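Peer 1: how would this look folded up:
(one chain, ligands or ions: 1)
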Amino acid sequence: MGRPNYDVKDLALAGEGRSRIAWAEQEMPVLRQIRARFAAEKPLAGIRVAACLHVTTETANLMRTLKDGGADPVLCASNPLSTQDDVAAALVAEYGIPTFAIKGEDKDTYYAHISAALDHRPNITMDDGADLVSTLHSSRSDLLAGIIGGTEETTTGVIRLRAMAADGALRFPIIAVNDALTKHLFDNRYGTGQSTIDGVIRATNILLAGKNVVVSGYGWCSRGIAMRAKGMGANVIVTEVDPLRALEAVMDGYRVMPIAQAAPLGDLFITSTGDIHAIDAAHFALMKDGAIVANSGHFNVEINIPALEALATEVREPRPFVKQYILPDGRKLAILADGRLINLSAAEGHPASVMDMSFANQALSAEHMAAQGKSLEPKVYSVPEAIDKEIARLKLAAMGVAIDQLTAEQQAYLHSWQAGT
Ligand code: ADE
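Peer 2: Numbers count the residues shown, from 1 in each chain. Predicted coordinates:
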């Protein structure tokens, strides 16, 4: 007998997972339409897809779409803490999709699960953070010959892949789903904005009104976090290294200052910079008693937790997802979800309505890759503009929003240069 083709926490959770997957599906009208077309046309017939994504109800609906499109998909987690165990169970028991993901898995199990997904010998990779592609290139390069191409979901993954391409290391074409406007303008901003605040509140139950909330970074994710924290009555301070983004934050009405200046002021700190040690040992030394620190960036490197551990005399766990570090001077600093992305660790990630567009991009990019990948160079590609626009059109239609069209006169004007004042 071979190994079971899955590793999930408990298959008995499948019923609960199925019902939550159906609930999310109601909020994913664009993906539903794509699934119906895929079921009829089978554009992914015979294609083995290995997906390394957060195992959520929304991801389950993407996996169903790929399978209905004729693909043979397998799924592993893209973060050790983001898996919804009931969803993983349902994918295996209800939808017959091999899944390797357990919430809270250690690093070795995380990579063993990636390896198990690669054992599926994929033709297309679907990544969120580029751990699958990086493992494929470093320790499973024997599989490269079978790969047509891949897709990448997130900012951090796209940055890693561009670095691989610049080094001449990338061996197959990848579509940067994150770069689609129907992805980052909505998922990163409204999705991260809402789900990050949701994660902080579920973990702590603190009131945001009147608090000083320090948001590190002012990319699309941080913009959403700052906007939603402000909407709940917090006084938001932004820290940035890029002068244009910092200027934008000032003009959006936030106080902008270096993190060393913000450290003594903040009640809550949220990092979303994509870089290492945005909050470092020197900043912990300045924070006030009771300060809470969370991360919403892809990797758990943005807060220097080992430095805080080295300073602490004691660590307590007053609630799930909250670790309180007691310092020699008596101050208590809390880190949420061990610095892993708070929105997917302590909450459920972005709501389905926004993942609808992100995963429509994933499904259509996989279709594009299946059709065109063999003729593409090993580079990072944008989502074709036609796909991006079509997703926006379908989403508006699903929301019952109609828009105008250019008249022939307006079209002609836009293509002319003679007419001025
Ligand atoms: N990334 C952020 N939110 C997500 C979700 N709900 N499902 C999958 N990936 C996500």
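Peer 1: And what about the one residue in the stretch 251-400 of the chain that gets nearest to the ligand, helix, strand or coil?
Peer 2: Evaluated by C-beta to the nearest ligand atom, the stretch 251-400 of the chain has Gly349 as its residue closest to the ligand, separated by 2.8 Å. The way it works is simple: take the backbone N, C-alpha and C, and place the C-beta from them, glycine included. At Gly349 the chain is in coil, as set by DSSP: H, G, I helix; E, B strand; the rest coil.
Peer 1: Please tell me how far the closest residue to it other than its chain neighbours sits from Leu376.
Peer 2: In this structure, Gly349 finds its nearest non-sequential neighbour in Thr56, 5.1 Å apart by C-beta to C-beta, 6 or more residues apart in numbering. According to C-beta to C-beta, to the nearest Å, Thr56 stands 29 Å off from Leu376.
Peer 1: more neighbours, these two?
Peer 2: Shown here are Thr56 and Leu376; by other C-beta atoms under 10 Å, Thr56 has more neighbours (23 against 16).
Peer 1: ok, now which ones touch Ala398?
Peer 2: Going by C-beta atoms under 8 Å, 6 or more residues apart in numbering, Ala398 touches Pro29, Val30, Gln33.
Peer 1: Which of those fall in helices?
Peer 2: Among those, the ones falling in helices (DSSP state H) are Pro29, Val30, Gln33.
Peer 1: give the contact list for the last one.
Peer 2: The one in question is Gln33. Going by C-beta under 8 Å, 6+ apart, Gln33 touches Leu394, Ala398.
Peer 1: any chance you could map the strands in the stretch 51-200 of the chain?
Peer 2: Per DSSP state E, counting those that start in this stretch, the stretch 51-200 of the chain has strands spanning 72-77, 99-100, 124-127, 149-152, 174-176. These are given in chain order.
Peer 1: Out of those strands, which is the most enclosed?
Peer 2: strand 99-100 (a mean of 30; mean count of other C-beta atoms under 10 Å).
Peer 1: quick one: that strand near the ligand?
Peer 2: No - in terms of C-beta under 6 Å from any ligand atom, no part of strand 99-100 sits within range of the ligand; the closest distance is 13.6 Å.
Peer 1: What helices and strands are in contact with that strand?
Peer 2: Contact partners of strand 99-100 among helices and strands, from 3 or more C-beta pairs under 8 Å, 6 or more residues apart in numbering; DSSP states H and E: strand 72-77, helix 85-93, helix 107-118.
Peer 1: Sheet partners, orientation included, of the shortest one?
Peer 2: Just to be clear, that refers to strand 72-77. Paired with strand 72-77 in the same sheet, following DSSP bridges, are strand 48-53 (parallel), strand 99-100 (parallel).
Peer 1: what about those strands, which gets the closest to Ala285?
Peer 2: The closest approach between Ala285 and any of the strands paired with strand 72-77, judged by C-beta to C-beta, belongs to strand 48-53 at 37.3 Å.
Peer 1: can you list contacts of the closest one?
Peer 2: When contacts are defined by C-beta under 8 Å, 6+ apart, strand 48-53 is touched by residues 59, 62-63, 66, 71-78, 114, 117-118, 120-129, 131-132, 153, 366.
Peer 1: now, which of those residues lie close to the ligand?
Peer 2: Among the contacts of strand 48-53, proximity to the ligand is found for Thr59 (C-beta under 6 Å from any ligand atom).
Peer 1: The ligand contacts on this protein?
Peer 2: By the rule C-beta under 6 Å from any ligand atom, the part of the chain lying against the ligand is Leu53, His54, Thr56, Glu58, Thr59, Gly191, Leu344, Gly349, His350, Met355.
Peer 1: Tabulate those in a markdown table, adding columns for pLDDT.
Peer 2: Converted to a markdown table, the residues of the chain next to the ligand look like this (pLDDT from 0 to 100):
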| residue | pLDDT |
| --- | --- |
| Leu53 | 98 |
| His54 | 98 |
| Thr56 | 98 |
| Glu58 | 98 |
| Thr59 | 98 |
| Gly191 | 98 |
| Leu344 | 96 |
| Gly349 | 98 |
| His350 | 98 |
| Met355 | 98 |
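Peer 1: Hmm, Asp10 is touching Asp85, no?
Peer 2: Yes - at 6.5 Å, Asp10 counts as touching Asp85 under the criterion of C-beta atoms under 8 Å.
Peer 1: Neighbour count for the two, which is higher?
Peer 2: A side-by-side neighbour count of Asp10 and Asp85, using other C-beta under 10 Å, places Asp85 first with 18 against 11.
Peer 1: Which parts of the stretch 251-400 of the chain are helices?
Peer 2: With helices called from DSSP state H, counting those that start in this stretch, the stretch 251-400 of the chain shows them at 259-262, 281-284, 305-311, 342-345, 352-372, 385-398.
Peer 1: okay, these, which one's buried deepest?
Peer 2: The highest mean neighbour count among the helices of the stretch 251-400 of the chain belongs to helix 342-345 (a mean of 28), with neighbours defined as mean count of other C-beta under 10 Å.
Peer 1: Tell me the helices and strands packed up against that helix.
Peer 2: helix 192-204.
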